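Chemist: What follows is a protein structure lacking sequence information:
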């Protein structure tokens, strides 16, 4: 299970189980200058009634994980992404250092194939998780007919929405541009799990990186 993250606010892209071209769940960035904001996974946070895109962070940290720090007037938003060593999972966590309950809007452009907007796919929601599967005409279906990805949210309620939530009265936004809307999220975790066999297994809610004591220039502790 692989993913590619960028400092300028692409928290996941090119999520793949196996072949990173044919088995790709999420699109990859097409421009190094971050001009297009549709590719990969992006996160917006509601500040004073307006959803604002989390782009270049106040501090970016790389270890066996990647972590973004966003300092606002009255809070510190920390986003951590890492791959699980226990199985094919990518885990993304978002929390407020002050414990505030924020509204986040996470967007993800789904491809389920080599090229954007080329192949259909299906999304099935089951409680606080949903499963994404390839369409009948996907090129990877010939080799991996049961390829699927599962995403689960822990710590908040959410609803699945489309691109029209950005534009009132807008029509014709391509179906592969899918959006996940998370409401009243104080410390949420959403792992991705991929499988070529169709059996993704359970997604755990626990983790170790997100519970580490934060120390650094914004925490007041060294």
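Modeler: The structure has been received and is ready for your questions. Since the model is a prediction, treat every value here as computed from it, not as a measurement. Numbers count the residues shown, from 1 in each chain.

Chemist: nearest residue to residue 119 other than its sequence neighbours?
Modeler: Leaving aside its chain neighbours, residue 119 sits nearest to residue 113 (4.0 Å; criterion: C-beta to C-beta, 6 or more residues apart in numbering). (C-beta placed from N, C-alpha, C; glycine too.)

Chemist: Using the three-state scheme, assign the one you found.
Modeler: What DSSP: H, G, I helix; E, B strand; the rest coil gives for residue 113 is coil.

Chemist: Let me know how buried it is, in neighbour terms.
Modeler: When neighbours are defined as other C-beta atoms under 10 Å, residue 113 has 25 of them.

Chemist: go on, the one 5 residues further on?
Modeler: A count of nearby residues for residue 118, using other C-beta under 10 Å, gives 14.

Chemist: cool, the one 10 residues further on as well?
Modeler: Here the number of neighbours of residue 128 (other C-beta under 10 Å) works out to 16.

Chemist: what does residue 135 give?
Modeler: 13.

Chemist: Would you confirm that it contacts residue 121?
Modeler: Yes. Here residue 135 reaches residue 121: they are 5.2 Å apart, a contact under C-beta atoms under 8 Å.

Chemist: shared neighbours, the two?
Modeler: residue 112 (C-beta atoms under 8 Å, 6 or more residues apart in numbering).

Chemist: Retrieve the pLDDT associated with the residue nearest to residue 119.
Modeler: On pLDDT, residue 113 comes in at 83.

Chemist: Tell me which residues touch it, please.
Modeler: For residue 113, the contact set (C-beta under 8 Å, 6+ apart) comprises 22, 24, 119, 134, 138, 139, 140.

Chemist: Now do the strands in this structure.
Modeler: Along the chain, counting by DSSP state E, strands occupy 41-47, 50-53, 59-62, 66-71, 76-83, 89-96, 102-109, 121-126, 129-134, 148-152, 157-162, 177-185, 187-195.

Chemist: Not counting the second one itself, show me its contacts.
Modeler: Defining contact as C-beta under 8 Å, 6+ apart, one finds that strand 50-53 is touched by 9, 37, 42, 43, 44, 45, 46, 103, 105.

Chemist: Selection in ChimeraX covering whichever of the residues you listed are buried, please.
Modeler: Here is the ChimeraX selection string for the buried members of these, based on 16 or more other C-beta atoms under 10 Å:
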select :9,42,43,44,45,103,105
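
Chemist: ok, so of the contacts of strand 50-53, who is nearest residue 145?
Modeler: residue 42 (30.8 Å; C-beta to C-beta).

Chemist: hey, what's the closest one bridged with?
Modeler: On the basis of DSSP bridges, residue 42 is bridged to residue 107.

Chemist: So it versus residue 133, what's the distance?
Modeler: 23 Å (C-beta to C-beta, to the nearest Å).

Chemist: what is the rounded mean pLDDT of stretch 68-83?
Modeler: Mean predicted lDDT for stretch 68-83 stands at 92.
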